[in-house]
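Predicted coordinates and the sequence they were generated for:
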Amino acid sequence: MKTRITELLGCEYPIIQGGMAWVAEHTLASAVSNAGGIGLIAGGSAPIDYLRDQIRKCKEKTDKPFGVNIMLMSPNAADLAQLCIDEKVAVVTTGAGNPAAYIPAWKEAGIKVIPVIPSVALAKRMERAGADAVVAEGTESGGHIGENTTMCLVPQVVDALEIPVIAAGGIADGRGMAASFMLGAEGVQIGTRFLASEECQIHPTFKELVVKAKDTDSVVTGRYTGHPCRNIKTKFSKKLANGEKDGSLTPDEFEKLTLGSLRKAVQDGNLDEGSFLCGAIAGMINDVKPCAEIVKEIMDQAEKLLGK
């Protein structure tokens, strides 16, 4: 399946692995790239020396293109933006901010720039700023989310832009990919399905929660603080959601409780204090497989449905 995304990024399949903070490291990214997609290393707020090491380890494991996700609200975003240039990273995706200040230098270095956007207005701004493509991410996604659904957002962004659009949010198999292409997308970004991959280095408790999740096991916290975030339902996430809803948790108390909670989930599997960020599609994921098998299954099903 060839699209403007495969041509732009030099990959076999138009599948990008989500840049999930504390999750997307070199083992997962290289596995997805070796499977024919585009793997991403999550920048987050990690030290630059650590991220440099992650990029170099990924290069040792794959000769295929891979990228780095930069969370622009991170205090080290500028340093990471320069690191991607220094290390000749093929692709940069961005979130939580406007990357316009960095785009000229990235483009001059030959880096493909793909911002993640939650609205048509921001998508237009990114196109004007020189982005090569955008990821239109619906509220079904895990982690920090907007309000517009994938089904509504993707076709509106497609209609508004000349550059290619990648769909994200609630996509875990070939049906979701085929549906995204029918909406006008030319690629998909997938995060939650890769949580349940053999190469993903998250704590076994996290993987078990993903595999055992039902369709109703998704909860959004942070709506009252202005930073909504989708989690798997646990006692902790329900405590956060209920506390902010009924006012028993002040914004300061909420922030104190959630500080470091993603690391506690990913690394420690801490059910009492961890935020297990995950998309609403987790209820459809029932097993753990190698990335290569996941990518092949998605592509085979999508191609069959699309008549490719």
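Sure, I can see it.

residue ranges for the strands of the stretch 101-250 of the chain, please.
Applying DSSP state E, counting those that start in this stretch to the stretch 101-250 of the chain gives strands spanning 112-117, 134-137, 143-144, 165-168, 187-190, 218-221, 229-232.

who's in contact with the residue lying farthest from the centre of the chain?
Centroid-distance maximum for the chain: Ser248 at 31.6 Å, with CA atoms, centre = their mean. Shown in contact with Ser248 (CB atoms under 8 Å, 6 or more residues apart in numbering): Asn242. Bear in mind the C-beta positions are built from the backbone N, C-alpha and C, glycine included.

If we use 10 Å, what do you get?
Residues near Ser248 by CB atoms under 10 Å, 6 or more residues apart in numbering: 239, 242.

Quick one: distance of the helix or strand that contains Val68 to the chain centre.
If you go by DSSP states H and E, Val68 is part of strand 66-71. Distance of strand 66-71 from the chain centroid (CA atoms, centre = their mean, to the nearest Å) equals 10 Å.

Do me a favour and average the pLDDT over it.
Averaging pLDDT along strand 66-71 yields 95.

by contact count, what packs against that strand?
Contact here means 3 or more CB pairs under 10 Å, 6 or more residues apart in numbering; DSSP states H and E; on that basis strand 66-71 packs against strand 15-17, helix 26-34, strand 39-42, helix 48-61, helix 77-86, strand 91-95, strand 112-117.

one step back: closest one to Ala96 among the strands of the stretch 101-250 of the chain?
Ala96 lies closest, by CB to CB, to one member of the strands of the stretch 101-250 of the chain: strand 143-144, at 6.7 Å.

pLDDT on the closest one, on average?
What strand 143-144 shows for mean pLDDT is 88.

so how far is Leu8 from the residue farthest from the centre of the chain?
To Leu8, Ser248 is 49 Å away according to CB to CB, to the nearest Å.

which regions of the stretch 201-308 of the chain lie under the pLDDT threshold?
The model of the stretch 201-308 of the chain has no residue with pLDDT under 70.

I'd like to know how far the nearest residue to Ile202 once chain neighbours are set aside sits from Leu249.
Closest residue to Ile202 apart from its sequence neighbours, by CB to CB, 6 or more residues apart in numbering: Val266 at 5.1 Å. According to CB to CB, Val266 stands 23 Å off from Leu249.

out of the two, which sits in the busier spot?
Higher neighbour count among Val266 and Leu249: Val266, with 24 against 21, using other CB atoms under 10 Å.

how near is the residue nearest to Ile202 to Ala121?
Val266 is 32 Å from Ala121, by CB to CB.

Same check on Asp215?
On the measure of CB to CB, Asp215 and Ala121 end up 31 Å apart.

got it, and Ala167?
Computed as CB to CB, the Ala167 to Ala121 distance reads 18 Å.

So which of those two has more stuff around it?
Ala167 (30 against 10).

Would you confirm that the more buried one contacts Leu183?
Yes - contact criterion CB atoms under 10 Å: Ala167 and Leu183 qualify, at 6.6 Å.
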